[in-house]
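S.K.: Compute the structure for the input listed below.
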Amino acid sequence: MPTSQDMTSHLDHGLLDALQHQVAVFARRAEQTRLGGVGQVRNSMDRAAYLLLNRLDQEGPMGVKALAAGMGIDSSTVTRQVAPLVDTGLVKRTSHPEDGRAVVLQLSPRGQARLEEVRASRRELMAQVTEGWTQAERESFCTLLTRFNGALSARQAGLPAVDAESSQPD
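M.R.: Numbering: from 1, shown residues only. Below is the predicted model:
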């Protein structure tokens, strides 16, 4: 089995250097803008909050452990990140329908509205940033970025770096 060193010796070091640099620049710019979209400052949202709200919206109510597992993070991290979302009324804690002792996290109507506001703002930002791109270029970029994120996720989970798009927690 080839080692990491063997694999990188067969690849263009200049291209890998350019790729890692562009990823670093992307990460910095994404954090600077928080990909907050356009319009009012209130349309930006913390990355962790956005990902938690998005997951609850896509998959429905769930417990902390299920949410943490789906996102590939620790339960204590989810508990810490979800606390301000509960405090501000974006997420509500409810009893599990089958086990009243268990707590389930659920997107509140206010959380749903806020998430859609941020999504709309971010959609507009993505439209503006990729304004000169063709539909095929947007699709290709999205496919490659999804594949890249899947490979990073698989690596973090200790899985082989095959096309791991489906194992990509957010």
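S.K.: From now on I want contacts and neighbour counts done on CA atoms only, so please keep to that.
M.R.: Will do.
S.K.: Now M62. Its backbone dihedrals?
M.R.: The phi and psi values for M62, taken as degrees, to the nearest 10, are phi -160, psi 160.
S.K.: Now do the same contact list for it.
M.R.: 56, 104-106 (Cα atoms under 8 Å, 6 or more residues apart in numbering).
S.K.: Pick out whichever of the residues you listed sits closest to E116.
M.R.: L56 (12.8 Å; Cα to Cα).
S.K.: Distance check, that closest one against G132.
M.R.: As judged by Cα to Cα, to the nearest Å, L56 and G132 stand 33 Å apart.
S.K.: quick revisit: right, and the pair among the contacts of M62 with maximum separation?
M.R.: The widest separation within the contacts of M62 (Cα to Cα) is 10.5 Å, between L56 and V104.
S.K.: which stretches of this structure have low pLDDT?
M.R.: 1-10, 34-43, 100, 161-170 (pLDDT under 70).
S.K.: again, only this time at 80
M.R.: For the chain, the stretches with pLDDT under 80 are 1-11, 31-44, 96-101, 160-170.
S.K.: what ranges do the helices span in it?
M.R.: Taking DSSP state H as the criterion, the chain carries its helices at 4-9, 13-33, 47-59, 64-71, 75-87, 109-129, 135-156.
S.K.: So which of those helices is nearest D99?
M.R.: It is, among the helices of the chain and with distance given as Cα to Cα, helix 64-71, at 14.5 Å.
S.K.: what helices or strands is the closest one leaning on?
M.R.: helix 47-59, helix 75-87 (3 or more Cα pairs under 8 Å, 6 or more residues apart in numbering; DSSP states H and E).
S.K.: any idea how far the last one is from the chain center?
M.R.: It stands for helix 75-87. 16 Å (Cα atoms, centre = their mean, to the nearest Å).
S.K.: Specify the angle between that helix and helix 109-129 in degrees.
M.R.: On the basis of axes from the mean of the first three to the mean of the last three Cα atoms, to 10 degrees, helix 75-87 is oriented at 100 degrees to helix 109-129.
S.K.: Backbone dihedrals for T134, please?
M.R.: With angles defined as degrees, to the nearest 10, T134 sits at phi -80, psi 170.
S.K.: same thing with T88?
M.R.: Residue torsions, per degrees, to the nearest 10, at T88 are phi -90, psi 0.
S.K.: Number of residues surrounding it?
M.R.: 11 (other Cα atoms under 10 Å).
S.K.: wait, what's in contact with it?
M.R.: Counted by Cα under 8 Å, 6+ apart, T88 has zero contacts.
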